[in-house]
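> Build the 3D model from these lines:
(chains A and B)
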Amino acid sequence: MTNTLRSLRPAASRLRSPQDLAAGLLLAAIALCGLWLARKWEAGSLATMQAGFFPRLVCYLLLASGLATMLRGLTADAPSALGWAWRPSVAITVAVVAFAALLDKLGLVLAILALIGIGGLAGRPLRPGPFTALWATLASACVAIFSWGLGLPLQIWP
Amino acid sequence: MIDVFANLWLGLGVSVEPMNLVYCFLGVLIGTLIGVLPGLGPTATVALLLPITFYLPPVGALIMLAGIFYGAQYGGSTTAILVKLPGESSSVMTCLDGNAMARQGRGGVALATAALASLFAGVVTTLVIAVAGPPLAGVALAFGPSEYVALMLVGLIGAVILAHGSVVKAVAMILIGLLLSMVGTDVNSGQMRFTFDIPQLYDGLDFVPLAMGLFGLADIIINLEETEGRGIEPSPIHRLWPSWADFKEAWPAAVRGTALGAFLGILPGGGATLSAFSSYALEKKVARDPAAFGKGAIQGVAGPEAANNAGAQASFIPMLSLGIPSNAVMALMIGAMMIHGITPGPQIMTKQPDLFWGMIASMLVGNVMLVVLNLPLIGIWVRLLRVPYAYLFPAILVFCCIGTYSLRNDVFDVVMMAGFGLFGYVLKKLDCEPAPLLLGFVLGPLLEENLSRAMLLSHGDLTIFVSRPISAGLMAVAAGLLALILLPAFRRQREVAFKE
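Here you go, the predicted model:
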């Protein structure tokens, strides 16, 4: 939302849009991957559609919209801001994957520690005291709600 | 007419059963509590709390989910007003003037206006559902594959309208959603599609990790990026109740918003967002002083709030009577019904009247509960928002992860969610919206199945879509919507609405 609101700033100069170009490239790449993966599936005909018909139809349309977006990126003016926030994006992703990797082996309490410990690096990390309090609160709330309350087969301790 | 009231009476009987009242209250309460958290809109809230309702009886589960839905919707408006953070696309419009009001210390007025406009819209639309639900179900019985294809086209084209920004990108997002919906085993041929030999993908992708990743996780990353890691800070509140002058300005906007929402919400794909947007544009058009919009015009809160609540409730009509999810939340509701062994569709009204009417009547009860609960608690919501983001976002992370894990007790879903979170961030960077993607994902299997069935029946003759009356009518609506998108005047107006 905020992005769009920001993107409506009047363009100061006629800038071509690397954002649209990148979006178009991504869409076209997804479409080509889809077509390649679907290459062996039977397509059938319009009257007797097989498993490959709909994927191909969608991929061709996607390819077309990808090319159209690329074309717009080369010709029309649009915001050029394409910054990438490495710290939050990497920290959040790694934290969630770490949670998934640890949950079955070390249990919920330690998996939450890893999740909020690594995830916290995405913003401004908490000091040890508040961090421990947050960990204790979240871990006990989760155990109470999901394990006791809902009876999910969650491993709590290692 | 008598029938309608007899049915509503039956439904009221069901919804005021003590346990159902408790489920409704809990749903509204928990929905508001979670929906008010930044980053968790109605879709994420319903997705997060869906597993809890697996353990309830069917009627109770649906009443609670509906309560969670409008609780979260209202909670999201609270966040939109106080911190200018829309929980879902439908509250973008509330953000603009609601937050401007909050910055002027009129946050309480904006919150109360939103609550009262939502209550009005909710009650009126519930009556509309009670009247229009049964006839629509009659129409649904005449629906063959070609009609379903046409209806879904209307919905998907509607999704293009509701997305702001580039039309081509919105179409592309729908297509990616369709592509993602094909992951898994093809029902007709048994062919594995896009499964990469991973057993967990044989049954297809789940909606919850997709929605939680695209909305929940991606939003956290974006919030942290935009505030450089500090998170969002709320503004102070001075005055709670609207003055008489505020009220006089707000009520006509709420009435117009309700009418728009009730009408557009019935259309699949349009729903709350489109009605909120059109209501804002309409209010700006009829206002004596359009320049006040964006600087704290109370009509800019009352209109869209009434419209998005009316639209949200009206979206139950196609879901309950046709079995068609008009938005992501309705898709989750259908999922919940199927888990309880209920197939949504025309037969639900005749086979399970207590469930159908109980749920509708519980909307009346729930809307009243929502206001009773929220007006006195506005001060507490504000304090909840004062939880620093450094504490809040780890908590959101934990709830997203456990919520997704609990679906199948499989960490694979959690990893998928992480991937979709990153993908959601990429989409945001490229100014692509995830909402049409989710709609495509939800409608994909239905579209493919009905398209192939319609073509099989007509021996590949495409004119079947225009030779049958209902299908032809829907195709005309689709063409009309398409013309609306391509009409330059409409697009200009849309940009103006977003700019101010």
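> mind showing which ranges of chain A have poor pLDDT?
A:1-16, A:77-82, A:145, A:149-151 (pLDDT under 70).
> cool, the stretch 301-450 of chain B as well?
B:326, B:381-386, B:407.
> Give me the neighbour count for the residue of the stretch 401-500 of chain B found nearest chain A.
Closest residue of the stretch 401-500 of chain B to chain A, C-beta to the nearest C-beta: B:Gly460 (3.3 Å). Backbone N, C-alpha and C define where each C-beta goes, glycine included. A total of 14 residues lie near B:Gly460 under the criterion other C-beta atoms under 10 Å in any protein chain shown.
> so what's it up against?
Going by C-beta atoms under 8 Å, 6 or more residues apart in numbering or on different chains, B:Gly460 touches A:Ser45, A:Leu46, A:Ala47.
> Adding secondary structure, neighbour count and distance to B:Gly473, write those out as a markdown table.
Below are these laid out as a markdown table (DSSP: H, G, I helix; E, B strand; the rest coil; neighbours: other C-beta atoms under 10 Å in any protein chain shown; distance: C-beta to C-beta, whole Å):
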| residue | secondary structure | neighbour count | distance to B:Gly473 |
| --- | --- | --- | --- |
| A:Ser45 | coil | 11 | 28 |
| A:Leu46 | coil | 16 | 23 |
| A:Ala47 | coil | 13 | 25 |
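> overlap between those residues and the residues near chain B?
Filtering the contacts of B:Gly460 for proximity to chain B by C-beta under 8 Å from any C-beta of the partner chain leaves A:Ser45, A:Leu46, A:Ala47.
> Relative to A:Thr69, which of those is nearest.
When the ones next to chain B among the contacts of B:Gly460 are ranked by distance to A:Thr69 (C-beta to C-beta), A:Leu46 comes first, at 28.1 Å.
> mind giving me the domain ranges of chain A?
A:14-75, A:86-149 (automatic domain parsing).
> any chance of those in CSV, plus distance to B:Glu448?
Converted to CSV, the domains of chain A look like this (distance: least, C-beta to C-beta, whole Å):
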stretch, distance to B:Glu448
domain A:14-75, 5
domain A:86-149, 31
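> Indicate which one of these is closest to B:Ile266.
Using C-beta to C-beta, the domains of chain A put domain A:14-75 closest to B:Ile266, at 27.3 Å.
> Quick check: which element contains the residue of the stretch 401-500 of chain B closest to chain A?
Counting by DSSP states H and E, no helix or strand carries B:Gly460.
> Phi, psi for it please.
B:Gly460 adopts backbone torsions of phi 80, psi 10, taken as degrees, to the nearest 10.
> Which elements pack onto the helix or strand harbouring B:Ala478?
Element membership of B:Ala478 [criterion: DSSP H and E] is helix B:469-486. Helix B:469-486 is packed against helix B:145-162, helix B:464-467, with contacts defined by 3 or more C-beta pairs under 8 Å, 6 or more residues apart in numbering or on different chains; DSSP states H and E.
> Quick check: which of those has the most neighbours on average?
With neighbours taken as mean count of other C-beta atoms under 10 Å in any protein chain shown, these reach their highest mean count in helix B:145-162, at a mean of 25.
> okay, it in CSV with CA atoms only?
Extracted as CSV, the C-alpha positions of helix B:145-162 are listed here (Å, rounded to 0.1, in the frame of the first residue of the first chain):
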residue,chain,number,x,y,z
PRO,B,145,-19.9,-25.5,-16.2
SER,B,146,-20.1,-22.6,-18.7
GLU,B,147,-21.9,-20.4,-16.2
TYR,B,148,-19.3,-21.2,-13.6
VAL,B,149,-16.5,-20.3,-16.0
ALA,B,150,-18.2,-17.0,-16.9
LEU,B,151,-18.8,-16.2,-13.2
MET,B,152,-15.1,-16.9,-12.4
LEU,B,153,-14.1,-14.6,-15.2
VAL,B,154,-16.2,-11.9,-13.7
GLY,B,155,-14.5,-12.5,-10.4
LEU,B,156,-11.0,-12.5,-11.8
ILE,B,157,-11.6,-9.4,-13.9
GLY,B,158,-13.0,-7.8,-10.7
ALA,B,159,-9.7,-8.6,-9.0
VAL,B,160,-7.9,-6.6,-11.7
ILE,B,161,-10.1,-3.6,-10.9
LEU,B,162,-9.5,-3.8,-7.2
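> Enumerate every residue touching the spatially most central residue of chain A.
With distances taken as C-alpha atoms, centre = their mean, the residue of chain A nearest its centroid is A:Thr93 (8.6 Å). For A:Thr93, the contact set (C-beta under 8 Å, 6+ apart) comprises B:Leu217, B:Ala418, B:Gly419, B:Gly421, B:Leu422.
> now it: how far from A:Glu42?
To A:Glu42, A:Thr93 is 37 Å away according to C-beta to C-beta, to the nearest Å.
> and the longest helix belonging to chain B with helix B:145-162, angle?
Determined from DSSP state H, the single longest helix within chain B is helix B:107-141. With axes from the mean of the first three to the mean of the last three C-alpha atoms, to 10 degrees applied, the angle from helix B:107-141 to helix B:145-162 works out at 160 degrees.
> Give the other helices and strands that helix B:107-141 contacts.
Using 3+ C-beta pairs under 8 Å, 6+ apart: helix B:107-141 touches helix B:2-15, helix B:58-83, helix B:92-103, helix B:244-266, helix B:299-314, helix B:316-322, helix B:347-351, helix B:353-385.
> Keeping just the C-alphas, turn the fourth one into CSV.
I take that to be helix B:244-266. Below are the C-alpha coordinates for helix B:244-266, written out as CSV (Å, rounded to 0.1, in the frame of the first residue of the first chain):
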residue,chain,number,x,y,z
TRP,B,244,-23.3,16.4,16.4
ALA,B,245,-21.7,18.1,13.4
ASP,B,246,-19.5,15.1,12.7
PHE,B,247,-22.5,12.8,12.9
LYS,B,248,-24.5,14.9,10.4
GLU,B,249,-21.6,14.9,8.0
ALA,B,250,-20.9,11.2,8.4
TRP,B,251,-24.3,9.5,8.1
PRO,B,252,-25.1,10.1,4.4
ALA,B,253,-21.7,8.8,3.5
ALA,B,254,-22.3,5.7,5.6
VAL,B,255,-25.6,5.1,3.8
ARG,B,256,-24.1,5.5,0.4
GLY,B,257,-21.2,3.3,1.3
THR,B,258,-23.5,0.6,2.6
ALA,B,259,-25.5,0.5,-0.7
LEU,B,260,-22.3,0.3,-2.7
GLY,B,261,-20.8,-2.4,-0.5
ALA,B,262,-23.9,-4.5,-0.4
PHE,B,263,-24.1,-4.4,-4.2
LEU,B,264,-20.4,-4.9,-5.1
GLY,B,265,-19.8,-7.4,-2.3
ILE,B,266,-22.1,-9.9,-4.0
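> just the angle between that helix and helix B:145-162, please?
Using the same axes, to 10 degrees, helix B:244-266 lies at 150 degrees relative to helix B:145-162.
> How about helix B:244-266, which residues are buried there?
By neighbour count on 16 or more other C-beta atoms under 10 Å in any protein chain shown, the buried set for helix B:244-266 is B:246-247, B:249-251, B:253-266.
> same thing with the first one?
Buried residues in helix B:2-15, counted by 16+ other C-beta under 10 Å: B:Asn7, B:Leu8, B:Leu10, B:Gly11, B:Leu12, B:Val14, B:Ser15.
> just checking, what packs against the next helix or strand along the chain from it?
Toward the C-terminus, helix B:2-15 is succeeded by helix B:18-35 as the next helix or strand (DSSP H and E). On a contact count with 3+ C-beta pairs under 8 Å, 6+ apart, helix B:18-35 meets helix B:2-15, helix B:42-53, helix B:58-83, helix B:353-385.
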